[in-house]
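# attaching a predicted model along with its sequence, questions to come.
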Amino acid sequence: MRKIKISTFNVNSLKARLPIVRCFLSGAGAPDILCFQETKCRDEDFPLDFFKSLGYECSFSGMKSYNGVAIASRERPGRVEAGFGDGADIEQDRARILRASFGDLNVVCAYVPQGKSMDSPDFAYKKQFLARIRALFERDYSPPGKTLWTGDLNVVPADMDVTHPENKRDHVCVCGEIRAALLSVTSWGLVDVFRKHRPRAGEFSFWDYRVKDAFARNIGWRLDHLFATPGLERHSADAYVERELRAMERPSDHTAVTGVFEI
């Protein structure tokens, strides 16, 4: 049995956060697998040498200026696939979902659309995206297997996952409609392993730049998640927010969230 750390991190521009990523991956608590969202990096510009110098392999799928997902890992992955693989992928889909296998461990890294507003076409796309995630799990995975769905999912699952939820009932990340869409995915057979180990309120992964001193005052949102199949969840040993990364110079508005598994 070995201990594996898997982290998710919306970097809001990978190149802008390389000093923070270097610190994270060079430290004693560095993850074995790190899933990125919002890299904003075309494939031809991806900093492969940077990751190789730190001992990590990288799989990635990006587009210019927007979106972008990547998986950095100490171990070379087996099968890697961008997009849903359902025959309906567009460029944006392939820059929002990346899947990799490491032996019998499957990692699904996703950057779910934010949605903009409830009357926006982007909100309809967000709901469709989550429905396609559910179909993906039904098609390619099974609850007894070892699969982790992680990333910036842009959904607040419960009121305890956001400051002042009473003011956000109509927000695209909080409203009942989008919570139901997330529940439709997780009801397939996924467990919130972060909440398994951190059951108390006040645990966030995103602090809005536009809110004065949001991080210092802990006015935040839990948008970055670790959902595991029961076959993986039973191996989970811990989960936590990497708050120190948000306190560094020129941080992302998100920070990393880490899950620890003993497999």
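Great, that's in hand.
# how about the strands in this structure?
In the chain, the segments counted as strands under DSSP state E are 3-10, 33-37, 57-61, 69-73, 80-82, 97-102, 105-111, 146-152, 191-192, 224-228, 236-241, 257-262.
# which of those sits closest to residue 251?
strand 3-10 (10.8 Å; CB to CB). (C-beta placed from N, C-alpha, C; glycine too.)
# packing partners for that closest one?
Where contact means 3 or more CB pairs under 8 Å, 6 or more residues apart in numbering; DSSP states H and E, strand 3-10 is packed against helix 18-26, strand 33-37, strand 105-111, strand 146-152, strand 224-228, strand 257-262.
# if we go by neighbour counts, what in the last one is buried?
What it means is strand 257-262. Buried residues in strand 257-262, counting neighbours by 16 or more other CB atoms under 10 Å, are found at 257, 258, 259, 260, 261.
# list the helices and strands that strand packs on?
Where contact means 3+ CB pairs under 8 Å, 6+ apart, strand 257-262 is packed against strand 3-10, strand 146-152, helix 193-197, strand 224-228, strand 236-241.
# the fourth one now?
The contact analysis (3+ CB pairs under 8 Å, 6+ apart) places strand 146-152 against strand 3-10, strand 33-37, strand 105-111, helix 121-140, strand 224-228, helix 230-233, strand 257-262.
# tabulate the ones you listed (CSV), appending mean pLDDT and distance to residue 96.
As requested, those are exported to CSV (pLDDT from 0 to 100; distance: least, CB to CB, whole Å):
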stretch, mean pLDDT, distance to residue 96
strand 3-10, 98, 12
strand 33-37, 99, 8
strand 105-111, 98, 5
helix 121-140, 98, 7
strand 224-228, 99, 14
helix 230-233, 98, 22
strand 257-262, 98, 18
